[in-house]
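# let's see this in three dimensions:
(4 chains, ligands or ions: 4)
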Amino acid sequence: MDAMDAYRTMWRIRLFEEAVEDLYGRGMMHGTMHLSIGQEAVPTGACAALKDGDQITSTHRGHGHCIAKGADLGRSMAELLARDNGYCRGRGGSMHIADVATGNLGANGIVAGGPPIAAGAALSNKLRGTDQVCLCFHGDGAVGEGAWHEAMTLASMWNLPVVFICENNKYGMSMSSEKAFKVEHMSDKAAGYGIPGETVDGNDVEAVHEAVARAVARARAGEGPTFIEALTYRWRGHSKSDKNLYRTKEEIAQWRADDPIAAFAAVLHDREEVTQEQLNAVQDEVRTEIREAVRFGTQGEEPTVEAMMAGIYAPSPVDPRPLEARA
Amino acid sequence: MDAMDAYRTMWRIRLFEEAVEDLYGRGMMHGTMHLSIGQEAVPTGACAALKDGDQITSTHRGHGHCIAKGADLGRSMAELLARDNGYCRGRGGSMHIADVATGNLGANGIVAGGPPIAAGAALSNKLRGTDQVCLCFHGDGAVGEGAWHEAMTLASMWNLPVVFICENNKYGMSMSSEKAFKVEHMSDKAAGYGIPGETVDGNDVEAVHEAVARAVARARAGEGPTFIEALTYRWRGHSKSDKNLYRTKEEIAQWRADDPIAAFAAVLHDREEVTQEQLNAVQDEVRTEIREAVRFGTQGEEPTVEAMMAGIYAPSPVDPRPLEARA
Amino acid sequence: MSRTMTYAEAVREAMATAMTNDERVFLMGEDVGVYGGAFGVSNDLYERFGTDRVRDTTISELGIVGMGVGAALTGMRPIVEIQFSDFLCQAMDQVVNQAAKLHFMVGGQAEVPLVIRAPGGSGTGAAAQHSQSLEAWFAHVPGLKVVMPSNATDAGSLLLAALDDPNPVLVLEHKLLYKQSFEVPDEFPSARLGEGRIEREGSDLTIVATSVEVQRSVQAAEQLAEQGISAEVIDPRTIKPLDVPLILQSVARTGRVLLVQEAPKFAGFMAEVAATIAESEVFGDLQAPIRRLCGLDTPIPYSPTLEKASVPQVDDIVREAAALVGEW
Amino acid sequence: MSRTMTYAEAVREAMATAMTNDERVFLMGEDVGVYGGAFGVSNDLYERFGTDRVRDTTISELGIVGMGVGAALTGMRPIVEIQFSDFLCQAMDQVVNQAAKLHFMVGGQAEVPLVIRAPGGSGTGAAAQHSQSLEAWFAHVPGLKVVMPSNATDAGSLLLAALDDPNPVLVLEHKLLYKQSFEVPDEFPSARLGEGRIEREGSDLTIVATSVEVQRSVQAAEQLAEQGISAEVIDPRTIKPLDVPLILQSVARTGRVLLVQEAPKFAGFMAEVAATIAESEVFGDLQAPIRRLCGLDTPIPYSPTLEKASVPQVDDIVREAAALVGEW
Ligand SMILES: Cc1ncc(C[n+]2csc(CCOP(=O)(O)OP(=O)(O)O)c2C)c(N)n1
Ligand SMILES: Cc1ncc(C[n+]2csc(CCOP(=O)(O)OP(=O)(O)O)c2C)c(N)n1
Ligand SMILES: [Mg+2]
Ligand SMILES: [Mg+2]
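Numbering: from 1, shown residues only, chains lettered A, B, ... in the order given. Ligands and ions are numbered 1, 2, ... in the order given. I've put the predicted structure just below:
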């Protein structure tokens, strides 16, 4: 992992989401919003363990995964602004951003919608005889879904090249994962599927990276799936409707003090001897990128109903013929 | 557990199913057929740990559960014969036999259809403040379903009075559970839900009984669910369509040699000093009961379409009024 | 006497009333407790009734509907909230194969008095997986009843009626209505599942509409009145059982019918209404072909412009109704 | 040249052809390997193509359809077999919220060439959870295509067409047809999804029927011919997209239409066909009300007598058709 790249990625995520929050606040974006501010280290460290051609599946809280996997900020922002130059031409929005060409198989509005798809991509990798690996991001809450269980079961049975990364931010909406799942660590669940499980500090980008890199290497070597739990925290509410009644101000403050970006900046400064100026420069450059992305987005065209209606089905090689044309 | 009662129950199940097999063979019964011959010790030992008012949920392979929970043989046989005097008035058949009055909440044609319902009955027991316990029978194959996982998760979170009994007969249809689930014992999965798991010899009716009795006591004491794996074997094919290609003749022969009824007869004879005559008498009495059940069934009326159509909804306290009668 | 309350408040009040009057009633769902529900419907109920009766669950729709079935079978009257009706997809087995069929399959030995509440509909920018109107599926399932309240009074009355019914009832609420205020009588009038209502009387054509399209149709009818067209608006309130006599009587009178739903047209619920009319004795009274005005046959898009264009708005109803009356 | 084969054999041959010609095609499902599938459809395919391409899964319908989606997204052409179409309930999220919508939601960046095969229908004594005809649900989902082969040739041709399509296609086979033998041409003729067929020509009324009801309708037409009534029978073959022109053209010609399906009537697929006719330009050509003959609005019962009475049989079709022609 290139440390400065990772640092830049974390800022891209943070500032992208701050811009999104601002645009929503000013009524320039609509719909719902799930921000991952505070969780940047997980997608950053995890995606840095992938190589070109590897895939990810993402979640409703997916901006970070998307950016870490290399999505274009402008097309992402344009999508959130519901423009025709967005990744999904304004049809998908935040919960459906995908960049299939680069292996980002998509965010998902459905909790645990991704794990079976990730397992399927991994099966495809295996059948096609490539060494691609699929990385499946999901939340702690997703572990309650049957879909997650079925994906884990099938992936383990077939020893598929997939890595499940549980971003444990302590809550599925308001449900405490500690109360919901009677295990000390979510990673304790891996044993029930006969696969390795590991818990890492999800606010330590290097720790995430190392764990995921090991898991990806295992997967690439044909040794099957791994389940990684990354402990982190979302600073913002679940979405706009959240009044934060299920957690304390103190808890939030405590986790905010453990800012993954600041922590990594300190590491870079103290260990790698990166100067404060260099660090600031990254932040400034990213700020410019984000401003540019917003401009790209706001300048996009409105999508049209005609194009939308033409985009429900992929074109078939043969279409039904008019009655006259039939034998 | 009254040993002679248990012995009788096992014979009831065995001979009931042999009669069913015979009736099918002679074209007197239709539909599909899932026999549990060879597995009699599990429902017998398990249900003997229950008291009146306790509930069970059952499966597609449910004759044994049903009989062990105390169902009337005549009404059961009548149901399989699709008669109006059957438990379900000919509407349900083998896969839907229930005896709700005695707490048998029903067989289920859906693999893992039962576990969420069992958890719900257990929640109801808790909310109503009774000391009832619900016993949930399911197969090894059912563990692959998301429904099973969700039921386990919710039951464990809420510490509900439910006991999950996995009848591990080594296969879900043709899928080997050893190959499907990468754990040494299915009961190893319990830890992932933070509940106790135990594996017992499912062909030893006393071992099953003891394990289930402990679990029922835990549940009654408010200590939550237990997962019990009972190792057993189905002698017959999955259903009529089964050509037994996924298992060897030797394996079948070996398990048939471990006949749970014969084994228990030996225990009764050697330890309890029950004479061979007494044992034979039980078998003879049950044979008479079964003959009587078949007679009861074959003498039942054909169900009518009118009654069926009147039976889709339970009667509402208020019905829509004709137009004239409205304000 | 009447008062003003939102649709969400009406649902909440009906749940509170039911829980107060009947200790068998309880509520279970994702974030229905301290969070108050994704749309604030349950709000403070957990404080009033405690966490035993207002239960936060894991994200496990199949599991919680199944638990509702088990609890209903054994003497309780559960209300299960599904956060978005789209997630009924997760729970289909328990809704369709279990809840709906159990009474039948066991020959009447058991009842499943389970109420499932789930908000449907578009209009909030929630895109394709959070905006569907899936009522047609459930209307096709023998053993279920399906309710679609279009205003706060009905949201209360129909929920209470659903809780009084010994059968599984799916209550499809609408996200856009939750925050809307309505005039509501002091007590929710008692309702009967299967009785529709003439929302507005008229003589030139009959508009049958469901859920959020009812008020759009009424607004359209007001504009049509200015053009000299008198539109009758019918709200079936429950789509299963459907109040066929009410619809046929109106169509016999007006001779023209426009069917309005938010869901995509193809194989939607209004197809059933159209077919029922087309095969009935009022067929001969029709002075124009039956007309449906439905959502476009598309997943709901994210863009607000596209989203709005995807489902019938007031202007669309006015245009179609006018064309229908002008026709033939 | 032609030959005789069963419907199940036709499905198997089409799968074998596709797997031989296209290495991206593979089959996955419960017991599709050594067991040969619950209905013997895949039989020896695992021996011919190996366990990599004929994959036995755990009992996890949601998981395996989801894996099909993931594999389809990344360059494969999976066939997922669901043992009974009733178990699509378990997989609805992946079918409806994922497979059907993905191409749309990502703005066309991806395709989901996934084929799901599932047998529906009653007649085997399998009771309420193993006998449903759920096509109406899927017809209502934008983004899906839905195929219902009514004979062995179509079972082969339409499956191959489905595998050539870049969209998710649900193939609803019928349990009762599997073992039935048909005359089949040496090669499956190429088919287009969305083209129906006139199964039998006639002039007094049009019968539109799906799946197993097609042959029942043809048999009924033969009996009707003896009574001097000439019935045209149309098999839409794909219900989504639906061949509307074919149906309307026939109805315009005959002036009478009987719609026959096995599924319960209320909100079933034939409601859409009825509505389409009722709102079309052929409305004025109708000489009698549209008539539907459908399954009773009941879960499928176990008793063979009740089961048979629950869905349209040949005699029922004859009776309804004769009444329709006698009417007005
Ligand atoms: C099937 C389904 N059920 C419920 C929801 C509503 N929902 C969206 S996000 C969420 C919480 C998810 O929690 P978690 O998996 O921990 O992810 P986090 O939001 O914490 O990132 C819920 C309940 C949904 N989108 N899909
Ligand atoms: C949801 C669902 N999927 C598939 C089936 C078909 N099926 C019926 S029984 C069975 C095997 C069940 O295996 P297991 O749970 O081990 O029970 P056993 O038959 O061994 O008693 C299968 C696949 C079903 N009935 N329901
Ligand atoms: Mg979380
Ligand atoms: Mg088994």
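
# and the host helix or strand of C:K101, anywhere near chain D?
Per DSSP states H and E, C:K101 falls inside helix C:100-105. Yes. Judged by Cβ under 8 Å from any Cβ of the partner chain, helix C:100-105 and chain D are in contact via C:A100, C:K101, C:F104, C:M105. (Each C-beta comes from the backbone N, C-alpha and C, glycine too.)

# what is the neighbour count of residue 188?
Picked chain A for this. For A:D188, the number of neighbouring residues by other Cβ atoms under 10 Å in any protein chain shown comes to 18.

# actually it's chain C I care about, not the one you picked
Using other Cβ under 10 Å, the number of residues around C:F188 comes to 21.

# do the same with C:S122
Applying other Cβ under 10 Å, we find 25 residues neighbouring C:S122.

# show me what contacts it?
C:S122 makes contact with C:S131, C:Q132, C:S133, C:E262, C:G295, C:I300, C:E307, C:S310, C:V311, according to Cβ atoms under 8 Å, 6 or more residues apart in numbering or on different chains.

# so is the helix holding C:K101 next to ligand 2?
No. Using Cβ under 6 Å from any ligand atom, helix C:100-105 stays clear of ligand 2, with a minimum separation of 13.9 Å.

# how far off centre is that helix?
The chain centre lies 23 Å from the centre of helix C:100-105; the measure is Cα atoms, centre = their mean, to the nearest Å.

# pLDDT on that helix, on average?
For helix C:100-105, mean pLDDT rounds to 98.

# please name the nearest non-neighbouring residue to residue 54.
The chain I'm using is chain A. A:V133 (5.0 Å; Cβ to Cβ, 6 or more residues apart in numbering or on different chains).

# other chain: chain C
In space, C:V54 is closest to C:Y46, 3.8 Å off (Cβ to Cβ, 6+ apart).

# and the strands in the stretch 151-300 of chain A?
A:162-168, A:171-172, A:175-176, A:197-201, A:226-231 (DSSP state E, counting those that start in this stretch).

# quick one, which of those gets closest to ligand 2.
Nearest to ligand 2 among the strands of the stretch 151-300 of chain A is strand A:162-168 (23.6 Å), distances taken as Cβ to the nearest ligand atom.

# just checking, what packs against the closest one?
helix A:41-47, helix A:114-127, strand A:134-139, helix A:146-157, helix A:205-220, strand A:226-231 (3 or more Cβ pairs under 8 Å, 6 or more residues apart in numbering or on different chains; DSSP states H and E).

# can you pull out the helices in chain C?
C:7-21, C:45-53, C:61-73, C:88-92, C:100-105, C:135-139, C:152-164, C:175-178, C:212-226, C:244-254, C:269-278, C:304-310, C:314-326 (DSSP state H).

# now the residue most central in space within chain A, what's its secondary structure?
Here the mean C-alpha position of chain A is nearest to the C-alpha of A:H65 (Cα atoms, centre = their mean), at a distance of 2.6 Å. What DSSP: H, G, I helix; E, B strand; the rest coil gives for A:H65 is helix.

# report how many residues lie close to the closest residue to it other than its chain neighbours.
Leaving aside its chain neighbours, A:H65 sits nearest to A:S58 (4.0 Å; criterion: Cβ to Cβ, 6+ apart). For A:S58, the neighbour count with other Cβ under 10 Å is 29.

# same question, the one 10 residues further on
By other Cβ under 10 Å, 27 other residues sit near A:A68.

# that one against A:A49, yeah?
No. Applying Cβ atoms under 8 Å, one finds A:A68 not in contact with A:A49, separated by 10.5 Å.

# show me what contacts A:R12?
A:I67, A:L73, A:V286, A:E289, A:I290.

# quick one: it and A:R214, what's the gap?
25 Å (Cβ to Cβ, to the nearest Å).

# closest to ligand 3 out of the contacts of C:S122?
Closest approach between the contacts of C:S122 and ligand 3, by Cβ to the ion: C:S131, at 23.1 Å.

# now do the contacts for residue 126.
Unless you meant another one, I'm taking chain A. A:W158, A:L160, A:P161.

# can you look at chain C instead?
By Cβ under 8 Å, 6+ apart, the contact set of C:A126 is A:G31, A:T32, A:M95, A:G109, C:F84, C:K175, C:I300.

# find the closest residue to ligand 1 in the stretch 101-250 of chain A.
Here the residue of the stretch 101-250 of chain A nearest ligand 1 is A:G139; by Cβ to the nearest ligand atom that distance is 2.1 Å.

# report how many residues lie close to that residue.
Other residues within reach of A:G139, judged by other Cβ under 10 Å, total 25.

# does it touch A:H65 like I think?
No. Using Cβ under 8 Å, A:G139 is not in contact with A:H65; the gap is 11.6 Å.

# what touches both of those two?
Shared contacts of A:G139 and A:H65 (Cβ under 8 Å, 6+ apart): A:T59.

# mind putting the helices and strands packed on strand A:162-168 into a markdown table with mean pLDDT and distance to ligand 4?
Shown next, in a markdown table, are these (pLDDT from 0 to 100; distance: least, Cβ to the ion, whole Å):
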| stretch | mean pLDDT | distance to ligand 4 |
| --- | --- | --- |
| helix A:41-47 | 98 | 38 |
| helix A:114-127 | 98 | 23 |
| strand A:134-139 | 98 | 29 |
| helix A:146-157 | 98 | 15 |
| helix A:205-220 | 98 | 30 |
| strand A:226-231 | 98 | 26 |
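
# give me every residue in the stretch 101-250 of chain A lying close to chain D.
By Cβ under 8 Å from any Cβ, the residues of the stretch 101-250 of chain A that approach chain D are A:101, A:105-106, A:108-110, A:113, A:115-125, A:127-128, A:134, A:146-147, A:150-151, A:153-154, A:157-158.

# so who does the residue positioned nearest the centre of chain C touch?
Central residue of chain C (Cα atoms, centre = their mean): C:M148, 1.4 Å from the mean position. Shown in contact with C:M148 (Cβ under 8 Å, 6+ apart): C:E135, C:V171, C:L172, C:H174, C:T210, C:S211, C:P236, C:R237, C:T238, C:I239.

# repeat the analysis, applying 6 Å as the threshold.
Shown in contact with C:M148 (Cβ atoms under 6 Å, 6 or more residues apart in numbering or on different chains): C:L172, C:T210, C:S211, C:I239.

# the last one contacts C:A139, doesn't it?
Yes. Look at C:I239 against C:A139 with Cβ atoms under 6 Å: they come within range, at 5.2 Å.

# now the common contact residues for the two.
Common contacts of C:I239 and C:A139, defined by Cβ under 6 Å, 6+ apart, comprise C:V146, C:F269.

# of those two, which one has the most company?
The neighbour comparison of C:I239 against C:A139 (other Cβ under 10 Å) goes to C:I239, with 28 against 25.

# do you know how far the more buried one is from C:G196?
Counting by Cβ to Cβ, the gap from C:I239 to C:G196 is 9 Å.

# for C:P142, same thing?
Distance, C:P142 to C:G196, by Cβ to Cβ: 20 Å.

# what about the closest residue to ligand 3 within the stretch 151-300 of chain A, how many residues close to it?
Taking Cβ to the ion, ligand 3 has its nearest neighbour within the stretch 151-300 of chain A at A:N169, 4.3 Å off. Neighbour count of A:N169, defined by other Cβ under 10 Å: 24.

# let me see the contact set for it.
By Cβ under 6 Å, 6+ apart, the contact set of A:N169 is A:T232, A:Y233, A:R234.

# looking at these, which one is closest to ligand 4?
Compare each of those with ligand 4 using Cβ to the ion and the shortest gap goes to A:T232, at 39.9 Å.

# could you measure the residue in the stretch 1-150 of chain A that ligand 3 sits nearest to against A:E145, distance?
Residue of the stretch 1-150 of chain A nearest ligand 3, by Cβ to the ion: A:G139 (3.8 Å). With distances taken as Cβ to Cβ, A:G139 is found 10 Å from A:E145.
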